[in-house]
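Student: sequence and predicted model, in that order:
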Amino acid sequence: MWSFRDWRRKRILARLAIEPSLWQHVLESLPILDGLSDEETERLRDRSLLFLHAKRLTALPGVELELADRLRLAAQAQLPLLHLPDLDWYQGFHEIVIYPDDFHSPQKHRDAAGVEHEWDAEHSGEAWLQGPVILALPGVRESGGWEGYNLVIHELAHKLDMLNGDANGLPPLHREMRIEQWASAMQRAYDGLNAVLDADPDAHTAIDPYAAENPAEFFAVTSEYFFSAPDVLSSELPDVYDQLKHFYRQDPAARLKHLQDSHPAYAEPG
Ligand SMILES: [Zn+2]
């Protein structure tokens, strides 16, 4: 059936067409995209171009963004959505602001006794409810490998979480998913991580202890691991991995395993 939306997208894509060699360069510079099929990388390219068309990427003074940098950022933003229905998952914000360095941001917290605490926190990224996504350049540059760190995916996971209100670790689940199963898998893993850190704040944990801050950070950090260290997440927190697999409709651990089994560059992990 003819659709105005598809027609418009095709026109935009025709106008935005990029050199195949540039897209190839983007793919090669982001190991977390290794092992995607040709059909997947083509869809990722189109959605990345549409993403850059729809969102304003603002580089603050001190930040130079080449087209390749913009495409790299867009490709990481679109990876989590690759197998989700083509809806406007990143609605409600129009701008991504890139800071040259980590930034200070005033924080406020009212404790149980009603006392308001304020402090300055060093941040590499933030996602405001109904507001822009802010990313610091060093973190953007460090993202893209299989090291369990991805600032872009982390902040955009907060945006997915915010689709149904405040960031609380519960994004809008698909019809076939069960909130109780999601909640119990996430809660058990979150409580487990907090118990380890309560017993020893310096404990070495398999996933970044920042995940223990609150349920929203738990979802953002585990989403980061899901795409950038899926082997760690699936072996350490299999129930969480399973819920994220249903939510993102991808299986990056299987993709990574296949690379390790078949790709010379992956033969020696680490
Ligand atoms: Zn966060």
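Tutor: Done, it's in.
Student: roughly how far does Gly145 sit from Leu33?
Tutor: Taking CB to CB, to the nearest Å as the measure, Gly145 falls 11 Å from Leu33. Where you see a C-beta, it was placed from the backbone N, CA and C, and this is true even at glycine.
Student: more neighbours, these two?
Tutor: Higher neighbour count among Gly145 and Leu33: Leu33, with 21 against 14, using other CB atoms under 10 Å.
Student: is Gln76 located within a strand, as I assumed?
Tutor: No. Gln76 is assigned helix when assessed by DSSP: H, G, I helix; E, B strand; the rest coil, not a strand.
Student: I'd say it and Arg141 touch.
Tutor: No. Contact criterion CB atoms under 8 Å: Gln76 and Arg141 do not qualify, at 11.6 Å.
Student: for Gly169, which non-adjacent residue is spatially closest?
Tutor: Leaving out its chain neighbours, the residue that sits closest to Gly169 by CB to CB, 6 or more residues apart in numbering is Pro215, at 3.1 Å.
Student: count of neighbours near the one you found?
Tutor: Neighbour number of Pro215 under other CB under 10 Å is 18.
Student: residues from this protein in reach of the ion?
Tutor: The chain has residues Glu217, Ala220 near the ion, with proximity defined as CB under 5 Å from the ion.
Student: where in the chain is pLDDT low?
Tutor: 1, 105-122, 268-270 (pLDDT under 70).
Student: in it, which residue sits closest to the ion?
Tutor: Proximity to the ion, evaluated over the chain using CB to the ion, is greatest for Ala220 at 4.4 Å.
Student: which residues touch that residue?
Tutor: Listed by CB atoms under 8 Å, 6 or more residues apart in numbering, the contact set of Ala220 reads His154, Glu155, Ala157, His158, Asp161, Ala211.
Student: and for the helix or strand harbouring the second one, what are the contacting residues?
Tutor: Secondary structure here is read from DSSP states H and E; on that basis Glu155 sits in helix 151-161. Helix 151-161 is contacted by residues 73, 76-77, 79-80, 89-90, 92-93, 124-127, 133-136, 139-140, 142-143, 167-171, 216, 219-221, 223-224, 227-228 when judged by CB under 8 Å, 6+ apart.
Student: which of these are buried?
Tutor: Among these, those classed as buried by 16 or more other CB atoms under 10 Å are 73, 76-77, 79-80, 89-90, 93, 124-127, 133-136, 139-140, 143, 167, 169-171, 216, 219-221, 223-224, 227-228.
Student: now Gly62, what's its secondary structure?
Tutor: coil.
Student: which phi and psi values does it adopt?
Tutor: phi 100, psi -10 (degrees, to the nearest 10).
Student: now Ala136
Tutor: As for Ala136, its main-chain torsions (degrees, to the nearest 10) stand at phi -90, psi 140.
Student: quick one: contacts for it?
Tutor: Counting by CB under 8 Å, 6+ apart, Ala136 touches Ile98, Tyr99, Pro100, Asp101, Asp102, Phe103, His123, Ser124, Gly125, Leu151.
Student: do Gly139 as well
Tutor: Gly139 neighbours (CB under 8 Å, 6+ apart): Asp102, Ser124, Gly125, Tyr149, Leu151.
Student: at 7 Å instead, please
Tutor: By CB atoms under 7 Å, 6 or more residues apart in numbering, the contact set of Gly139 is Ser124, Gly125, Leu151.
Student: and of those, the nearest to Leu65?
Tutor: Leu151 (15.0 Å; CB to CB).
Student: which residues in the protein form strands?
Tutor: Assigned strands in the chain, in chain order: 56-59, 95-99, 103-110, 116-123, 125-127, 133-136 (criterion: DSSP state E).
Student: before we move on, back to that, with adjacent residues omitted, what lies nearest to the residue of the chain closest to the ion?
Tutor: Per CB to CB, 6+ apart, closest to Ala220 is Ala157, 4.3 Å.
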